[in-house]
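A.B. asks: here is my input, please return the structure:
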Amino acid sequence: MAGGALLAIALMLPLEDPRFIFLIALAALCLVLGICFRYLRVRDEGDALSVWFGPLLIFGMQIPYKEMASVEIARTGLIFGIGVHGLPFWRITYNLAVGECVRVTFKRRRGWLRLKSIDIGTDDAEGLAAYLNERIAAQAAKGPRP
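C.D. replies: Now for the predicted structure:
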């Protein structure tokens with residue numbers, strides 16, 4: 001929507017105007033970001049859960065199962081919005097819509113944001129939570145590596 005508005009404004013300007021190129025570039029950036037935040041991919045990568053937005057896989061992360069302490073079903077509110085939102089030292093949210101999500105709590109704070117947990121939006125929160133609990137139990141059964 002923003003990309004279309006920027007494009008419409010740019011097309012009203014003469015081609016020689018330096019703002020024309022700037023607005024076209026900004027419209028293209030809005031289009032790319034819009035495409036990136038259209039899909040949320042949640043996949044098992046063997047020893048980690050992969051959570052990425054869009055076909056370009058620009059925004060996302062991998063979470064090793066061995067770093068997960070617990071999993072629960074939660075709800076995202078309007079305060080966390082849609083997309084990638086977070087508060088340093090607390091939690092980050094990856095979602096496409098406000099609603100049910102799976103909250104993964106880490107054994108210790110993770111990453112440069114020192115995250116305590118992550119919320120992952122999904123259409124099947126019960127299924128994802130059950131799967132992650134199985135993977136956590138399997139990691140616990142393996143025990144610590146020497």
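
A.B. asks: could you report the neighbour count for M68?
C.D. replies: 22 (other C-beta atoms under 10 Å). Quick note: C-beta positions are derived from backbone N, CA and C, even for glycine.

A.B. asks: you'd agree N133 is in a strand?
C.D. replies: No: according to DSSP: H, G, I helix; E, B strand; the rest coil, the state of N133 is helix, so it is not within a strand.

A.B. asks: now do the contacts for the residue lying closest to it once chain neighbours are set aside.
C.D. replies: In space, N133 comes closest to V71 once its chain neighbours are excluded; the distance is 5.4 Å by C-beta to C-beta, 6 or more residues apart in numbering. For V71, the contacting residues are V102, R103, V104, T105, A129, L132, N133, I136, by C-beta atoms under 8 Å, 6 or more residues apart in numbering.

A.B. asks: and the longest strand seen in the chain, what's its mean pLDDT?
C.D. replies: The strand that spans the most residues within the chain, counting by DSSP state E, is strand 100-110. Averaging pLDDT along strand 100-110 yields 89.

A.B. asks: that strand: what's the following helix or strand?
C.D. replies: Along the chain past strand 100-110, the next helix or strand (assigned with DSSP states H and E) turns out to be strand 115-121.

A.B. asks: now that following strand and strand 100-110, what's the angle there?
C.D. replies: Put simply, strand 115-121 runs at 160 degrees to strand 100-110, going by axes from the mean of the first three to the mean of the last three C-alpha atoms, to 10 degrees.

A.B. asks: rewinding a little: any idea what the residue nearest to N133 is bridged to?
C.D. replies: V104 (DSSP bridges).

A.B. asks: if I look at it, how far off is R41?
C.D. replies: Separation of V71 from R41 (C-beta to C-beta, to the nearest Å): 18 Å.

A.B. asks: try Q139
C.D. replies: 22 Å.

A.B. asks: which of these two has more residues huddled nearby?
C.D. replies: Taking Q139 and R41 together and counting by other C-beta under 10 Å, Q139 has the greater number of neighbours (16 against 13).
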